[in-house]
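1. A predicted structure for the sequence below; I have some questions about it.
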Amino acid sequence: MTLHPDFPIEQGHVQLLGDWSIFLDQPHNVRLEDGSLVLWRPGFTIWISIWNNDKDETIEQRRDWIVSTASPDAYDILSAQDGTVFRYAYRLNEEREEDSAQAYYGFVIGDDSHIQIAVYFDSSYDLARAKAAVASVRNEIP
């Protein structure tokens, strides 16, 4: 599997907006699309959006809203306080025109902002990698 030669490549700790970062255990291409950061390699794509806490809501208020809007088809749910952030993640199988895609969604909520992550992968072997990527998100400079 080769990466796209016309896009930047990132691996290891990747600094996102503000104090947010993610750890990538393999090289990924990087692009901005529709206001989201996209990190991808063949068969594995991470979409990241960062949302400011414009309404000055607590972590608990934003957590409750995110949980209430999650798909009723979500399964393998993670919901946990992790230091100064709250993590919520779940699996979802999504139908596409030609087949279905495996997806792992995650939200990491800090005081001033939160990250929304969607990881799409073709092989069930990549589930552990998807979970590790979401778990690696930090709200601090590494």
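-> Here it is on my side, so go on.
2. excluding sequence neighbours, find me the nearest residue to F23.
-> On the basis of CB to CB, 6 or more residues apart in numbering, the spatially nearest residue to F23 that is not a chain neighbour turns out to be S136, at 3.7 Å. C-beta coordinates here come from the backbone N, C-alpha and C atoms, glycine included.
3. isn't there a helix covering D111?
-> No. Secondary structure assignment places D111 outside any helix; it is coil (DSSP: H, G, I helix; E, B strand; the rest coil).
4. relative to E57, how far out is the closest residue to V67 other than its chain neighbours?
-> With CB to CB, 6+ apart as the criterion, V67 has its nearest non-adjacent residue at 6.2 Å, and that residue is Y88. Distance of Y88 to E57, computed by CB to CB, to the nearest Å: 15 Å.
5. tell me the mean pLDDT over the helix or strand containing the residue nearest to V67?
-> Using DSSP states H and E, Y88 maps to strand 85-95. Mean per-residue pLDDT for strand 85-95: 90.
6. center of this structure - which residue?
-> With distances taken as CA atoms, centre = their mean, I117 lies nearest the centre of the chain, 2.2 Å away.
7. tell me what that one is bridged to.
-> I48, G106 (DSSP bridges).
8. does anything pack onto the longest strand along the chain? Which helices or strands?
-> Longest strand in the chain by number of residues (criterion: DSSP state E): strand 20-33. Strand 20-33 is packed against strand 9-15, strand 36-41, strand 44-52, helix 127-136, strand 138-139, with contacts defined by 3 or more CB pairs under 8 Å, 6 or more residues apart in numbering; DSSP states H and E.
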